[in-house]
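[1] sequence first, predicted model second:
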Amino acid sequence: MEEQQQLRKENMKRKRKFAKKKMGRNTLHLKTVFPLLLASLCSKSHFRRAVILKCLNKTFLSLPHINLPPILALLPSFLKFNCGEIVRKSAEIVGGASLASYEMNGQVSREDATVKGLISLLRSSKREIAMAACNAVLDLSTTSIGRERLVEFNAIENFLLCFIQESKPPAATVGLAARNIWLEEDEYCALLLQGATTLINSCTIEQLQCIPTDLSENFLLLLKGLWGQAYKQSLYCGSSICDHMGNEVCASSTRTNNLIESIFRLSVNYDLHLDSTDFEHVKTYLFDLGEAKFKQFFSDVWETSPILMRHASKSSLRQNSIFNPFLQYLGSEKAIPSILPSILECITSCPAIASDELDILHVIEDIKENLGSPIFYDQDIRVVRTESGERELHYFLEQLDSSFSVGPCILSLNDLLKCKEAFMEGYSIALRGMEFRYQTIAVIADGLASLFGQPSAGVNMYLTPSNSQGLACHSDDHCVFVCQLIGAKRWTVYSRPDFQLPRLYESSYSTNDMEDKNCEANGHQQILLKEGDVLYIPRGIPHEAIAVVDGEEDANNATGFSLHLTLAIEIEPPFEWEGFMHVALYSWDKKQKPLQFKSEDSVQSNLHIVSSLLLHIAIKLIGNLDPAFRKACLVCATTSPSDTRDWLLKTQKTTFGYMISKITTESKFSYAVSHLEAALQKNEDPLEHIRWMKYLSVDEEGTEQLERRSISSANTRYLFDLLIQHRDIAETAFTQVKSSFCDEVEFQDVEKNYKVLLEKYRKVRKQYTNGMLSLHSAISNA
């Protein structure tokens, strides 16, 4: 935005210099400009046009050294004048004043009639007037207040409508590549595009939702066509979109990353509501044997033991599989390795987002510099094989002429072509984030997340040549369903090294730990996974796999490779049982307001606050030791029929009772105080693990209460000193808070707040997914 503002200021300087040369000496005195303009408006003289133009030129050339408000009061009339030259010069004055200073920009922005008049001129049938209005609006949009006013008065709708109308003739007669050339040659269309993207990228989500749906969808379609072509051209020309993101331009003055951001923003709220049947399709596919199998899985298998769920036949996979649309997209089985580069050419990078960021606008701000870039190695794709069951080799790191280093690197078109060579040499292609790249996979991921009551689910793809192993033996910090789509793979699954479930983002087990953990001594099982089979592997269980030729098939008809997808259920901290108990304490504490203390009894009030904080710490300490606190909470799991829902809810309430009993017996005041003191000595926030609780507040009052609880606030030291000073009554207060919480907390209250939190997480994940799917569809359709 700052770069665009500077460019527009330099352009305005050139306009003034040119105007001075063209007009020569202007003998008007500034003090006479306003009276002359006012008199001319009231006059019917044949000379008034000349007088008005002379005054307006004097005004334009005198910026910013002019008293602007009186002139602004007259500009709405001049913007409607029946002389095109006067209208254009009036628009130039608006633009010049907007760029002259921040103060003048504010003065223009606050003149409703001027802003509305300028916006109305965007749709003028006279091209010169429409372009002058475009330029003036862009000048006004260089400040936040200018953009706010333009959005308020529907400038976006006018930009979109004009751009769509202007794009129709070439769109009907030429392809997208020619349309790019047309756009670069048509300054008016380029200005419309720049204005539209500038304002769209400054909108809130609520403002974007106010744009008429037909305008938004039609404009989005055009944007995707423009960017899809720009992406392909950049890739084939050998230039890196990401390396030159700040300098590359698409459609004249519109920067490529502005175009991409607008596509993303316009797409985030499309189809936010999950089809209620999606989870049923996923459930039917995974639990082929019916409700009894489903209940047994949750009772005996979930997060505990691996299990093979074998389907009827290969023909059944082809006819009824939830992956059928994806397999049809890939085309002929045997052709998949040969079309690998073209598949990779049609995907873009999916930047990681912070797990506890629930504002999609903050997410966009964090990732926008990498939106639309080619895929990154390690972040999006790995090309890997394992030798002798131990050492992982990464293809690009093994190349003598490789410029790759440890960490994410962008893959060029040449690198994408090499992926096919690597596959022929025995390397596996591991592609992450499939749910962000293919709509049919996104639907499956949504259904899986809904089925298990989680915000989202991830999907990775693994393409492995026969008799090869991709990843070395390892364990994951998330549960996976391995779905074999093509070929066969022999899996070796080892016993869990210990009984503690790994948490998300904790370091996971690797092959180097084999000796220390003595997994093989604890036993292992080998499972042959054939087409249509599903293998469930809980988090924390080591495993490895090698692609094989299915012995039941004719070797001549074998595909020669394995293709499988892993459906990953990542249990984020708020959605473990420990997280549910933090929500429970929040829900109970919220009902204690107003606290039963007199206003002068600040010591008792503050000790209650500190006791609640200490109990949050105590819950964390219990969770570090008790595996049950790390298990996934399934309170919001979507199930049917009703008897299954009732059964699952009953088991969750039983687990909730167990958690309360553990908190009652094992929450120790001394342990919590020691943990708090150690954290403060290290200048750490002892409640860092529950900073996500800020999203539980649904109103201003709730937010204020949460801030009072924050141990990292300015009064932290005071509260801790108060605790030490009144240690005896502080321990009594802690015991009372713990006892009251455990006796009084109601499951229904917790469930209500927990669902609110879950929906907030789901919403931002779905918004991100929608944005990424839109970008990928632009490339695929280019």
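    Sure, I can see it. Residues are numbered from 1 along each chain as shown.

[2] surely G106 meets S144?
    No: here G106 lies out of contact with S144, judged by Cβ atoms under 8 Å, at a distance of 10.1 Å. The way it works is simple: take the backbone N, C-alpha and C, and place the C-beta from them, glycine included.

[3] hey, where'd the strands end up in this structure?
    307-309, 376-377, 381-387, 391-394, 409-410, 428-431, 458-465, 479-486, 488-494, 524-529, 534-537, 543-548, 561-569 (DSSP state E).

[4] helices and strands around the third one, which ones?
    Applying 3 or more Cβ pairs under 8 Å, 6 or more residues apart in numbering; DSSP states H and E, we find strand 381-387 packed against strand 391-394, helix 395-398, helix 413-424, strand 428-431.

[5] run the last query once more with 7 Å
    Counting contacts by 3 or more Cβ pairs under 7 Å, 6 or more residues apart in numbering; DSSP states H and E, strand 381-387 is packed against strand 391-394, strand 428-431.

[6] same deal with the second one?
    For strand 376-377, the packing partners by 3+ Cβ pairs under 7 Å, 6+ apart come out as strand 409-410.

[7] quick one, longest helix in the chain?
    helix 747-780 (DSSP state H).

[8] quick check: buried residues in that helix?
    Buried residues in helix 747-780, counting neighbours by 16 or more other Cβ atoms under 10 Å, are found at 747, 749-751, 753-754, 757-758, 760-779.

[9] neighbours of E746, how many?
    Per other Cβ atoms under 10 Å, the neighbour tally for E746 reads 12.

[10] what's the distance between it and K653?
    11 Å (Cβ to Cβ, to the nearest Å).

[11] dump the strands of the chain into TSV; add mean pLDDT, distance to I164 and mean neighbour count as well.
    As requested, the strands of the chain are exported to TSV (pLDDT from 0 to 100; distance: least, Cβ to Cβ, whole Å; neighbours: other Cβ atoms under 10 Å):
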stretch	mean pLDDT	distance to I164	mean neighbour count
strand 307-309	88	50	17
strand 376-377	92	35	20
strand 381-387	94	37	21
strand 391-394	88	47	15
strand 409-410	86	34	18
strand 428-431	97	36	22
strand 458-465	96	35	22
strand 479-486	95	41	22
strand 488-494	95	50	21
strand 524-529	92	50	16
strand 534-537	94	46	22
strand 543-548	94	50	22
strand 561-569	96	39	23
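
[12] nearest to G228, out of these?
    Nearest to G228 among the strands of the chain is strand 409-410 (18.8 Å), distances taken as Cβ to Cβ.

[13] show me where pLDDT drops low in the stretch 551-700 of the chain?
    For the stretch 551-700 of the chain, the stretches with pLDDT under 70 are 551-558, 593-601, 698-700.

[14] run the last query once more with 50
    Within the stretch 551-700 of the chain, the ranges that satisfy pLDDT under 50 run 553-554, 597-600, 700.

[15] I'd assumed V745 was in contact with A584.
    Yes: counting by Cβ atoms under 7 Å, A584 sits close enough to V745 to count as a contact (5.2 Å).

[16] Q399 versus the closest residue to F499 other than its chain neighbours, what's the distance?
    Leaving aside its sequence neighbours, F499 sits nearest to P627 (Cβ to Cβ, 6 or more residues apart in numbering; 5.6 Å). For P627, the distance to Q399 (Cβ to Cβ) stands at 44 Å.

[17] could you do N324 as well?
    37 Å.

[18] please apply the same query to S338.
    Taking Cβ to Cβ as the measure, S338 falls 22 Å from Q399.
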